[in-house]
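>>> coordinates for the following, if possible.
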Amino acid sequence: MDSHWRSAMNKILVVDDQRNMRTTLALILRGAGYEVTEAENAIEASTCAAENYDVVITDLRMGETIGFDVLRCIKEASANSEVIVMTAYGTIESAVEAMRIGAFDYIQKPFHEEELLGRVSKAIEKRRLSQDVAHLTSEFKDRCQLEHIVGRSPAIRDLLARTVRVALTDAIVLITGESGTGKELIAKAIHANSRRADRPFIPVNCAAITETLLESELFGHARGAFTGAAVARKGLFEEADGGTFFFDEIAETPPTFQAKLLRAIQEREIRRVGENKPVTVDVRIIAATNQDLLTAVAEKRFRQDLYYRLNVARLLLPPLRERREDIPILLSYFLDKYNRKMSASARFHENVFEALIQYDFPGNVRELEHMVEQAVALVNNGLISADDLLPAPSASGGETLSGSSRPPRLLAGVVDQAERTAIEQTLAECEGNRERAAELLGISPTTLWRKMTRMKITFENKV
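Take a look at the predicted model:
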């Protein structure tokens, strides 16, 4: 009884110029408990669009009009309505076009009653979930200023829903994902919707601070604790008291510091460099990394006990290539952003969306944003084509689109290889003297040792 009552609340619009087919569909759907409205063509459907139907079922070919017109009309009037396109002339091309415009599903005539009702049921469930998440995330975006997290893919909806839930707790959060996926943005959102929202949010990029300064920066130091410490100084942990501390690139911290950080998290107290008296701090910890921490643990680069202490609430940010349906939305968002910022009126050529959906985006959303920003700044005639956005093919003729003759050359791999070459050449020049090599490379000996360990570079240290 309850199930029938719920289905009766779902409104469905059937659009078909063949009266017999339209009537048959309506009878089947009404028999399943749905409220059904019939329309003969796109003009009639357009007058019904404002009714905000849960599902619209439309034929693809109706006299001089096509179902794409109905699909566009419905999506413009009610973006949340799910559209199922049906046709006796099914082709891969028309299916792709229908899905690109926004259709939920595609069904070819003739079809069985059970097949139709199954797809309608899935469309209604998708709409219900979308409404639940939209209600949750719209309130969250208002409170947390999450307008920069753009997308409608299931992966993003799930991420936002999990972010909402974890933000309301005081749990330690570990955010993982490739570079450019927006880890700090999620960390800020968690803080903004927590009970600590009116207290400081302190971000620290662990890879940007040398090991010798890391402990002093985070925990503070006493006067005279080391050369140059003319006055006592509070560390960033104390500055974040009552708020949230965000460790970006947590995998870049050295093991010696990891032990002290673990104690600080567990005991909720820190010791300034050069002091024995502990200082109590109340901070929520959020950590992020683009590395596989379990691999780092196995390679003895990251403490296992610290990993388990951080891995309380885990959020995995999907790479852009795994949510390609968000690429057109992101393109439009960034185009609008940089048009306003640069007082420009650039627009995309029709080939842009199809071309970029095939690109793998090794730099993720950050790379996409930089593509659009550069294109808006440099385009001459105001029309941005795919060639203005995509990287040029390599000199060897390989391309960077997915499905090409070879995979794209990732920036991280290029940087790692350049670092390895520089370190190996400098060590050879210094006959294995790490202190001298570190000086020539402009880094600390400890940083050089860390990089050599990660890259498995072995040189006998000669003093």
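
>>> so who does Glu38 touch?
Taking Cβ atoms under 8 Å, 6 or more residues apart in numbering as the criterion, Glu38 is in contact with 13-15, 22-23, 26. Using the backbone N, CA and C atoms, a C-beta is placed for each residue, glycine as well.

>>> wasn't it part of a strand?
Yes: counting by DSSP: H, G, I helix; E, B strand; the rest coil, Glu38 is found in a strand.

>>> out of the contacts of Glu38, who's the most crowded?
Using other Cβ atoms under 10 Å as the neighbour test, the contacts of Glu38 are led by Val15, with 31 neighbours.

>>> in which helix or strand does the residue lying closest to Tyr34 once chain neighbours are set aside reside?
Counting by Cβ to Cβ, 6 or more residues apart in numbering, Ile12 is the residue found nearest to Tyr34 once chain neighbours are left out, at 4.9 Å. Element membership for Ile12, per DSSP states H and E: strand 11-15.

>>> distance from whatever helix or strand comes next after that strand to the middle of the chain?
Using DSSP H and E, the helix or strand that follows strand 11-15 towards the C-terminus is helix 19-31. In terms of Cα atoms, centre = their mean, to the nearest Å, the centre of helix 19-31 is found 42 Å from the chain centre.

>>> stretch 341-359 too?
Using Cα atoms, centre = their mean, the offset of stretch 341-359 from its chain centre is 20 Å.

>>> now do the buried residues in it.
Using 16 or more other Cβ atoms under 10 Å as the test for burial, stretch 341-359 gives 346, 348, 352, 356-359.

>>> ok, stretch 358-377 next?
Quick answer for stretch 358-377 (16+ other Cβ under 10 Å): 358-365, 367-369, 371-373, 375-376.

>>> mind checking the pLDDT average for it?
Averaged across stretch 358-377, pLDDT comes to 91.

>>> so the residue positioned nearest the centre of the chain: helix, strand or coil?
By Cα atoms, centre = their mean, the chain has its centre lying nearest to Thr181, at 4.4 Å. Three-state call for Thr181 (three-state DSSP): coil.

>>> same question, Leu330
Following three-state DSSP, Leu330 is assigned to helix.

>>> do the same with the one 5 residues further on
When the structure is reduced to helix, strand and coil (three-state DSSP), Leu335 reads as helix.

>>> what about the spatially closest residue to it that is not a sequence neighbour, which helix or strand?
Spatial nearest neighbour of Leu335, excluding adjacent residues (Cβ to Cβ, 6+ apart): Val372 at 5.7 Å. Assigned by DSSP H and E, Val372 falls within helix 364-378.

>>> coming back round to it: okay, the contacts of Glu38 in TSV with pLDDT next?
Converted to TSV, the contacts of Glu38 look like this (pLDDT from 0 to 100):
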residue	pLDDT
Leu13	90
Val14	90
Val15	87
Arg22	89
Thr23	90
Ala26	91
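
>>> Leu159: which of those is nearest?
Nearest to Leu159 among the contacts of Glu38: Leu13, at 32.0 Å, using Cβ to Cβ.

>>> for that closest one, name its beta-bridge partners.
On the basis of DSSP bridges, Leu13 is bridged to Thr37, Val56.

>>> so it sits right up against Glu51, yeah?
Yes: here Leu13 lies in contact with Glu51, judged by Cβ atoms under 8 Å, at a distance of 7.4 Å.

>>> what is in contact with the two at once?
With Cβ under 8 Å, 6+ apart, Leu13 and Glu51 have common neighbours Thr37.

>>> domain ranges for this structure, per the record?
Domain assignment for the chain by automatic domain parsing gives 2-128, 154-316, 321-389, 411-455.

>>> before we move on, the earlier item: distance to Leu159 for the contacts of Glu38 - can I get that in CSV?
Listed next are the contacts of Glu38 as CSV, based on distance: Cβ to Cβ, whole Å:
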residue, distance to Leu159
Leu13, 32
Val14, 35
Val15, 35
Arg22, 41
Thr23, 44
Ala26, 39
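
>>> buried sites along stretch 239-257?
In stretch 239-257, counting by 16+ other Cβ under 10 Å, buried: 240-241, 243-254, 257.

>>> OK, contacts around the closest residue to Ser153 other than its chain neighbours?
Leaving aside its chain neighbours, Ser153 sits nearest to Arg323 (3.9 Å; criterion: Cβ to Cβ, 6+ apart). By Cβ under 8 Å, 6+ apart, the contact set of Arg323 is 151, 153, 155-156.

>>> just the ones in helices from the residues you listed, please.
If you go by DSSP state H, the contacts of Arg323 have 155-156 in helices.

>>> and the two most separated of the contacts of Arg323?
Of all the pairs that the contacts of Arg323 form, the one spanning the most space (Cβ to Cβ) is Gly151 and Ala155, at 7.8 Å.

>>> who has more neighbours out of those two?
More crowded of Gly151 and Ala155, by other Cβ under 10 Å: Gly151, with 20 against 16.

>>> ok, now which ones touch the more buried one?
Contacts for Gly151 (Cβ under 8 Å, 6+ apart) come out as 323, 326, 329-330.

>>> which stretches of the stretch 51-200 of the chain have low pLDDT?
63-67, 78-79, 89-93, 95-96, 129-148 (pLDDT under 70).

>>> all strands for it, in order.
With strands called from DSSP state E, counting those that start in this stretch, the stretch 51-200 of the chain shows them at 55-59, 61-62, 65-66, 82-87, 105-108, 173-176.

>>> so of those strands, which one's packed in deepest?
strand 55-59 (a mean of 27; mean count of other Cβ atoms under 10 Å).

>>> and that one, C-alpha only, in PDB?
The C-alpha coordinates for strand 55-59 follow below in PDB (Å, rounded to 0.1, in the frame of the first residue of the first chain):
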ATOM      1  CA  VAL A  55      10.300  11.400 -15.700                       C
ATOM      2  CA  VAL A  56       9.700  12.400 -19.400                       C
ATOM      3  CA  ILE A  57       9.500   9.600 -22.000                       C
ATOM      4  CA  THR A  58       9.800  10.900 -25.500                       C
ATOM      5  CA  ASP A  59       9.900   9.400 -29.000                       C
END
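
>>> so what does that strand touch, helix or strand wise?
Contact here means 3 or more Cβ pairs under 8 Å, 6 or more residues apart in numbering; DSSP states H and E; on that basis strand 55-59 packs against strand 11-15, helix 67-77, strand 82-87, helix 113-144.

>>> what does the first one contact?
So that's strand 11-15. Contacts with strand 11-15, where a contact means Cβ under 8 Å, 6+ apart, come from 22, 25-26, 29, 34-42, 44-45, 48, 51-59, 62, 67, 70, 74, 120.
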